[in-house]
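[1] A structural model of the following input is requested.
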Amino acid sequence: MKINKKLLSAVLCSVSVLSLTACGSKSYADGTYTAQSENYVNDEDDSTAGNGYGVVELTISGGAVTACEFKTYELDGSLKDSEYGKENGEIANKDFYNKAQKALAACDKYAAQLVEKGSLKEVDAISGATVNYNEFKEAVSKALKQAEQ
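    Modelled structure (predicted):
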C-alpha cells in the first residue's frame, strides 16, 4: 500500500490544529483546572429545590479537554447525590425525587458531551436540567479561562 506523504502530513497537521482549537479559538495549557459556578437560589418562596452551585474539574492535554467531571452541591456545601430530592432521608414526593435525580444524572452527561464534542458551544442542554446546564457552562468557562495561554 502506497502512502501519500503530503496527504498524510496535511491530515496530521489538521488533527493537531483541531485539537488545539477544540474548545474554541484559544490555546489552552495542559493541566487540570477546577472552577465553581455562582450560587443558584430558586425564586420560589416555598421551595429550596435546585439551590446550590456546580464545580467542574477539567483535564487538558494537547490543548484539548480530555477529561471532565461535574458535580453539584447544596448551598451548605453538601454534595448532591442519591439522597438529593429526599426529605429527611425519605422520598416524600416521588415526582420531585425523580426530577432531582434526572438533573443529577445530567451532570455526567454534560461532562461526557464536552469531552466527546470538544467544545462547550456544542454541549446540548437536557430537558429538566437547565439549572445544572447553566452552572456547567459557567464553571467550564471559568476553568478554560484559567487554562488560557
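[2] you'd agree residue 72 is in a strand?
    Yes: counting by DSSP: H, G, I helix; E, B strand; the rest coil, residue 72 is part of a strand.
[3] neighbours of it, how many?
    25 (other CB atoms under 10 Å). The way it works is simple: take the backbone N, C-alpha and C, and place the C-beta from them, glycine included.
[4] same question, residue 135
    By other CB under 10 Å, neighbour count at residue 135 equals 27.
[5] residues in contact with it?
    Residue 135 is in contact with 37, 40, 52-54, 72, counting by CB atoms under 8 Å, 6 or more residues apart in numbering.
[6] what sits against residue 102?
    128-129.
[7] residue 55 too?
    34-37, 70-73, 139.
[8] next, it: secondary structure please.
    Residue 55 - assigned by three-state DSSP - is strand.
[9] tell me, what residue is most central in this structure?
    Centroid-nearest residue in the chain, with CA atoms, centre = their mean: residue 111, separated by 4.0 Å.
[10] quick check: it touching residue 66?
    No: Residue 111 lies out of contact with residue 66 (CB atoms under 8 Å); the separation is 11.7 Å.
[11] helix or strand for residue 101, which one?
    According to DSSP states H and E, residue 101 maps onto helix 94-117.
[12] give the contact list for the closest residue to the residue nearest to the centre of the chain other than its chain neighbours.
    Nearest non-adjacent residue to residue 111, counting by CB to CB, 6 or more residues apart in numbering: residue 68, 4.0 Å away. The neighbours of residue 68, taking CB under 8 Å, 6+ apart as the test, are 56-59, 111-112, 114-115, 140.
[13] roughly how far does residue 68 sit from residue 52?
    Relative to residue 52, residue 68 is positioned 19 Å away (CB to CB, to the nearest Å).
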